[in-house]
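>>> Please find the sequence and the predicted model below.
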Amino acid sequence: MARKRIGLGAVAVFVLVAGMVGMSLPASAHDRTPTVRHVLLLSVDGMHQSDLDWYVAHHPHSALAELVAHGDEYTRARTPVPSDSFPGMVGQVTGGNPSSTGIYYDDTFNHALLPAGTTAAQCATARPGVEVTYFEQLDKNQHALDAGQGLAGLPGSILQMTANPNQVIDPTQLPVDASSCQPVYPHQYLKVNTVFEVARTAGLRTAWSDKHPAYEILNGPSGTGVQDLFTPEINSDAPTLGSSGDWTSVNTLTQQYDSYKVQAVVNEINGFDHTGTTKVGTPAIFGMNFQTVSTAEKLPLSVTATSGTTQLPGGYEADGVTPGPVLRSALDSIDAKVGSMLDAISHAGLADDTVVILSAKHGQSPQKPSELTRIDDGKILDALNAAWAAQHPSAVQPLVAFSVDDDGMLIWLNDRSPVATHFAAQFLLGFNGTGNDITGAPKAFTSSGLTQVFAGEQAADYFHVQPGDPRVPDVFGISQVGVVYTGKKGKIAEHGGVNPADRHVPLLVSGADIAHDRIGAPVETTQIAPTILKLLGLDPSFLQAVQMEHTRVLPH
């Protein structure tokens, strides 16, 4: 039986993903005639433009091919730097880069905030400088899919999870503001407003689904951006509490995890909240992120939906373009799930009023297996600290306060002086060693696996912030293509850096009255936010980051 798709003169697909701050809108914001009534945002994390090209070429009758065939395809879209989930998500819904949003990663360091658990009595004397842990560490129970809500019957009951992630965040894990002595929730950390908050101020309904309760950052500084925020914990035990792995450890488990969020979106398409039990009306802005492609690119081996107990290779074939068996299975899963949402929109009679948005928070690097060089960054940082202590025994120790290294290096130092930042940069560029390749065999590396290092004032300049900014990394290292920082052998790709494969993601705009076009002009995923508002008949200039960075609507 042939199924009816959204009348693809009726839906638009864009890239989008994350963050917000409330602001008062003038009356004219409510008087504008909207182009569409609903925008569905989909982020296929890890997907490259080359993946979309390959899939459409080999599956011309797929849901993804249908979207491409009936809308604008931006073939040179790039994510913000660093190419991590948090800045990628936040950038797409605020229109801003870290210079305006203040968001560099989900796990960072802040030189101005106080350690978690600092009491009012300790605030005056506590030393500032703390790791900001906006990931699963915030959960009341990191092992539970509901993050500690206490639902019975998990995972089958997960759609009953709260729409308010603050209920499952442990405030004792949050950094503390030095002036107020109060914990800083993720939404309070975001510096600028988002499309969700602008929509809410205009009286429109909002919803979103993502991978950690820490994604309550999408509520924005107002704390009220997303009315229905569904955040099952992806790094919890899977498939049940007490299991040895999480939902990312096997690609079929990731597919299962994503299916819960898809069902939540389908419920919302049908006019219910994410649980499917309360009629609230279809949101104006809503959607989810997919993790299935991301884990298929990272895992060396995994079972697929059809391989039974046989583990097959993850990632790409030798050419770096052709998906391997696990990634092919992942792309099939994404296509089927996107198709189910398109069908739901059509069956609900919303095709003429809906814009679908599809892209990615980040890509993944490397794509060619032969380029992989796994490097233990822990050994590099230990050597850096030892060298600093030997040459500057009376200085602050250790030199490194915190680092996050996936396929780039972000390092915060206890000593932020020009002497210390210059020392760190020169040491990293001079450090050579041995990592391992795709087979686990030894592979030499040079310059800590880096091509460039920006330190101190140079790092601040790179991110367009003032020197001494408490959030900006003191050292930012751009990795050589293929480098993945890990002390183990369980990854064959990562994201978070600057490499082309990290940043070159698909961006589609399909449906409504948009004719098919393949647009090769360079664009950035930050341009999605103002475009979304324009589609809804709202003024893009209501976004603070758009004003600060002069972010433009996507060309058409």
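Good, I have the coordinates. Residues are numbered from 1 along each chain as shown.

>>> ok now stretch 109-123, how far from the chain's centre?
Here stretch 109-123 shows a centroid-to-chain-centroid distance of 27 Å under the convention CA atoms, centre = their mean, to the nearest Å.

>>> Same question for that stretch: list its buried residues.
Residues of stretch 109-123 classed as buried: 109-111, 113-114, 116, 118, 123 (neighbour count, 16 or more other CB atoms under 10 Å). Any C-beta I mention is one placed from the backbone N, CA and C, and that applies to glycine too.

>>> Kindly report the same for stretch 439-459.
For stretch 439-459, using 16+ other CB under 10 Å, the buried residues are 443, 445, 447-450, 453-456, 458-459.

>>> Give me the subset of those residues lying in helices.
458-459 (DSSP state H).

>>> just to revisit the earlier point, out of the buried residues of stretch 109-123, which is nearest to Ser100?
Set against Ser100, the nearest of the buried residues of stretch 109-123 by CB to CB is Asn110 (16.7 Å).

>>> In this structure the closest one contacts Pro470, no?
Yes - using CB atoms under 8 Å, Asn110 is in contact with Pro470, at 5.4 Å.

>>> for the stretch 1-150 of the chain, what are the low-confidence residue spans?
Within the stretch 1-150 of the chain, the ranges that satisfy pLDDT under 70 run 1-34.

>>> Tell me where it has helices.
Secondary structure of the stretch 1-150 of the chain by DSSP state H, counting those that start in this stretch: the helices cover 28-31, 49-58, 63-69, 85-94, 98-101.

>>> So for stretch 186-196, first residue to last residue, what's the gap.
Using CA to CA, to the nearest Å, the end-to-end distance of stretch 186-196 comes to 15 Å.

>>> typed the wrong thing, it's stretch 93-112
OK, stretch 93-112 end separation, CA to CA: 26 Å.

>>> Same check on stretch 97-108?
Taking CA to CA as the measure, stretch 97-108 stretches 16 Å from start to finish.

>>> cool, and stretch 293-308?
Using CA to CA, the end-to-end distance of stretch 293-308 comes out at 19 Å.

>>> gap between the residue most central in space within the chain and Leu299?
Nearest to the mean C-alpha position of the chain, by CA atoms, centre = their mean, lies Ser85 at 1.9 Å. As for Ser85, its distance to Leu299 is 17 Å (criterion: CB to CB, to the nearest Å).

>>> With Ala529 instead?
32 Å.

>>> The lengthiest helix in the chain - what's its average pLDDT?
For the chain, the longest helix by residue count, based on DSSP H, is helix 325-347. The average of the pLDDT scores along helix 325-347 is 97.

>>> Pull it out as CSV, backbone CA atoms only.
C-alpha atoms of helix 325-347 as CSV (Å, rounded to 0.1, in the frame of the first residue of the first chain):
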residue,chain,number,x,y,z
PRO,A,325,26.9,-1.7,7.1
VAL,A,326,26.2,-0.2,10.5
LEU,A,327,25.9,3.3,9.0
ARG,A,328,23.7,2.1,6.2
SER,A,329,21.4,0.6,8.7
ALA,A,330,21.4,3.8,10.7
LEU,A,331,20.5,5.9,7.6
ASP,A,332,17.7,3.5,6.8
SER,A,333,16.4,3.9,10.3
ILE,A,334,16.5,7.7,10.1
ASP,A,335,14.8,7.6,6.7
ALA,A,336,11.9,5.4,8.1
LYS,A,337,11.5,7.6,11.1
VAL,A,338,11.4,10.8,9.1
GLY,A,339,8.9,9.2,6.8
SER,A,340,6.7,8.3,9.8
MET,A,341,6.7,12.0,10.9
LEU,A,342,5.9,13.2,7.3
ASP,A,343,3.0,10.7,7.2
ALA,A,344,1.7,11.9,10.5
ILE,A,345,1.7,15.5,9.3
SER,A,346,-0.2,14.5,6.2
HIS,A,347,-2.7,12.4,8.1
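
>>> quick one, that helix and helix 49-58 angle?
Angle of helix 325-347 versus helix 49-58, following axes from the mean of the first three to the mean of the last three CA atoms, to 10 degrees, is 70 degrees.

>>> Could you list every helix and strand in contact with helix 325-347?
Here helix 325-347 touches strand 38-44, helix 49-58, helix 63-69, helix 251-269, helix 292-298, strand 312-313, strand 354-359, going by 3 or more CB pairs under 8 Å, 6 or more residues apart in numbering; DSSP states H and E.

>>> how far out from the middle of the chain is whichever helix or strand comes after the fifth one?
Counting by DSSP states H and E, the next helix or strand C-terminal to helix 292-298 is strand 301-302. On the basis of CA atoms, centre = their mean, strand 301-302 sits 23 Å off its chain's mean C-alpha point.
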